[in-house]
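Undergrad: next one to model:
(one chain, ligands or ions: 2)
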Amino acid sequence: MRTLSDLAEQLGGLAGKTILVRSDLNVPLAGTTITDDGRVRASVPTIRHLTDAGARVVVVAHLGRPKGAPEARYSLAPVADRLRELLGNITPVTFVEETVGERATEAVEAMSDGDVVVLENLRFTPGETAKDDDERGKFAQQLAELADGYVSDGFGVVHRAQASVYDVARALPHAAGMLVHAEVEVMRALREQPRRPYAVILGGAKVSDKLGVIESLITVADRLLVGGGMVFTFLKAQGYEVGTSLLEEDQVETVRGYLQTAAQRGVEIVLPVDIVVAASFSADAEHQVVAADAIPAHLMGLDIGPASEELFAEKLADTQTVFWNGPMGAFEMEPFASGTKAVAEALVKRTKAGALTVVGGGDSAAAVRAFGHADEDFGHISTGGGASLEYLEGKELPGLQVLED
Ligand SMILES: Nc1ncnc2c1ncn2[C@@H]1O[C@H](COP(=O)(O)OP(=O)(O)O)[C@@H](O)[C@H]1O
Ligand SMILES: O=C(OP(=O)(O)O)[C@H](O)COP(=O)(O)O
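TA: Ligands and ions are numbered 1, 2, ... in the order given. Predicted structure coming up:
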């Protein structure tokens, strides 16, 4: 992949050039308060490198999953404020409440060398995520018209063939930013030479997105530990009731197939044996621990239980490589944080024992930091969850492949 120096050479220097930077600034928010700014911090080195070189930097990013129309709770305004602070309040950072259009164009035209403009959430425009190539291409063209060059630095989105990740790279001189280069280097080592036993831990809430990776992961990992919202489709596939828990009904058959394939290949799929259940998705809902095969019909599973914590720790005890994406429970609420804490601690132990441990994903990274762990407690904390998983599967990621041309 081309570097920032390659791009500088191609453009005849960066000073005075307008560079569109696609970052992943999809941070967890409580109202307008950022609860973990890891992704904003990770975006700084590339932006700083460009502004130091005299470029005018236009940052584009998404937040959450709005459906192609503005929604105040998904505004990037608080993120732009945090970026301004992280850049030391010296670099002028202007937030524009529009992604493309007159105001965005005017703001970009008014920039001086070394300035930063942050545009509003890309996913407020339907073109960003459109399935239709023309619609996506049109939006990408509008983004491209703002700049002289494009830098892809949002590692967490390189698995998305979206306008700002994929199409725009085809319309402008481009390069991968420093974060994308650094992340790919770690993931490549993990993909090409994992020391064994190699375990992958999967959890979280993006169940339909991430169930598919299991098909390939059972061909590369020795052990797969499943927690979080993923669990219930597995329990259902085993014939158990899952109450009101997250469930991908139409994936139950597919998951049954995964269980069979894994058994044939001698790959262990480790499922929780007990679950913390509650009546609703809320911190003050009464909760209890039940056996995984006995979830009452009116309750929802929100964490793995204590026996599962022990089981997971045991299954990790001899691993030499561990990749973890997706919290084991709704860790943002204290009563459902224990499983995620236990897995984080098991990984820290493995790091100390010399294993390569990687935690990936916005919420997973936020969780380990919220529990007070330091970056050094893990081999690597990746900004990408789904992106890392798809890379580890061996897939060609559209947002990386397009940078190779
Ligand atoms: N059993 C569960 N039911 C509902 N949500 C869950 C459950 N377990 C975990 N979650 C939620 O999953 C979210 C993170 O999922 P995801 O986005 O897939 O992870 P990451 O951002 O690390 O890739 C968290 O907000 C957490 O509350
Ligand atoms: O949060 C993200 O991914 P992750 O939850 O897999 O880490 C990225 O910002 C991608 O977001 P998306 O899954 O809505 O495309």
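Undergrad: which single residue in the stretch 151-300 of the chain comes nearest to ligand 1?
TA: residue 204 (2.5 Å; CB to the nearest ligand atom). Backbone N, C-alpha and C define where each C-beta goes, glycine included.
Undergrad: apologies, that question was intended for the stretch 1-150 of the chain.
TA: For the stretch 1-150 of the chain, CB to the nearest ligand atom, closest residue to ligand 1: residue 28, 7.3 Å.
Undergrad: show me the contacts for that residue.
TA: Residues near residue 28 by CB atoms under 8 Å, 6 or more residues apart in numbering: 34-36, 332, 362-363, 366.
Undergrad: between those, which has the most around it?
TA: residue 363 (24 neighbours; other CB atoms under 10 Å).
Undergrad: test my guess that residue 99 contacts residue 117.
TA: No. The criterion here is CB atoms under 8 Å, and residue 99 misses it with residue 117 at 11.2 Å.
Undergrad: all strands for the stretch 101-250 of the chain, in order.
TA: For the stretch 101-250 of the chain, the strands defined by DSSP state E, counting those that start in this stretch occupy 116-119, 149-152, 174-176, 198-202, 223-226.
Undergrad: paired strands for the last one, with orientation please.
TA: The sheet places strand 223-226 alongside strand 198-202 (parallel), strand 268-270 (parallel), with pairing taken from DSSP bridges.
Undergrad: now the last one: average pLDDT?
TA: When pLDDT is averaged over strand 268-270, the result is 97.
Undergrad: shaky segments in the protein?
TA: Within the chain, the stretches with pLDDT under 70 are 405.
Undergrad: mind listing what the residue of the stretch 151-300 of the chain found nearest ligand 2 touches?
TA: Proximity of the stretch 151-300 of the chain to ligand 2 (CB to the nearest ligand atom) peaks at residue 156, 3.9 Å away. Residues near residue 156 by CB under 8 Å, 6+ apart: 24, 26, 39, 361-362, 383-387.
Undergrad: look up how far residue 12 lies from it.
TA: 31 Å (CB to CB, to the nearest Å).
Undergrad: residue 342 now?
TA: Counting by CB to CB, the gap from residue 342 to residue 12 is 54 Å.
Undergrad: more neighbours: which of the two?
TA: residue 342 (20 against 10).
Undergrad: so that one, which of the three states?
TA: helix (DSSP: H, G, I helix; E, B strand; the rest coil).
Undergrad: work out for me the element the residue nearest to it when sequence neighbours are not counted sits within.
TA: The shortest distance from residue 342 to any non-neighbouring residue, by CB to CB, 6 or more residues apart in numbering, is to residue 309 (3.7 Å). Using DSSP states H and E, residue 309 falls within helix 306-316.
Undergrad: which residues touch that helix?
TA: Counting by CB under 8 Å, 6+ apart, 199, 201, 223, 225, 227, 268, 270, 272-275, 289, 292, 304, 322, 328, 338-339, 342-343, 345-347, 349-350 sit against helix 306-316.
Undergrad: so what's the nearest residue to the residue of the stretch 151-300 of the chain closest to ligand 1 once chain neighbours are set aside up against?
TA: Spatial nearest neighbour of residue 204, chain neighbours left out: residue 326 (2.7 Å); criterion: CB to CB, 6+ apart. Residues near residue 326 by CB under 8 Å, 6+ apart: 201-206, 210, 227-230, 361, 363-364, 385.
Undergrad: what does residue 338 give?
TA: 276, 303, 306, 309, 329.
Undergrad: how about those, which pair is most distant?
TA: 306 and 329 (12.0 Å; CB to CB).
Undergrad: the more surrounded of the two?
TA: residue 329 (29 against 15).
Undergrad: tell me the SS of that one?
TA: Quick answer, by three-state DSSP: residue 329 is coil.
Undergrad: distance of it from residue 295?
TA: 14 Å.
Undergrad: please apply the same query to residue 94.
TA: Taking CB to CB, one finds residue 94 at 51 Å from residue 295.
Undergrad: try residue 104
TA: Applying CB to CB, the value for residue 104 to residue 295 is 49 Å.
Undergrad: next one: residue 133
TA: 43 Å.
Undergrad: got the residues of the stretch 151-300 of the chain near ligand 2?
TA: With CB under 6 Å from any ligand atom as the criterion, the stretch 151-300 of the chain comes near ligand 2 at residues 156-157, 160, 206.
Undergrad: can you rerun that using 5 Å?
TA: 156-157 (CB under 5 Å from any ligand atom).
Undergrad: need the helices for the stretch 301-405 of the chain, in chain order.
TA: 306-316, 338-352, 362-370, 386-393, 398-404 (DSSP state H, counting those that start in this stretch).
Undergrad: around ligand 1, pick out the residues from the chain.
TA: Counting by CB under 5 Å from any ligand atom, the chain comes close to ligand 1 at 204-206, 228-229, 246, 302, 326-327, 329-330, 361-364, 385.
Undergrad: any quick PyMOL command for the buried ones out of these?
TA: Filtering the residues of the chain next to ligand 1 down to the buried ones (16 or more other CB atoms under 10 Å) takes a single PyMOL command:
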select buried, resi 204+206+228+229+246+302+326+327+329+330+361+362+363+364+385
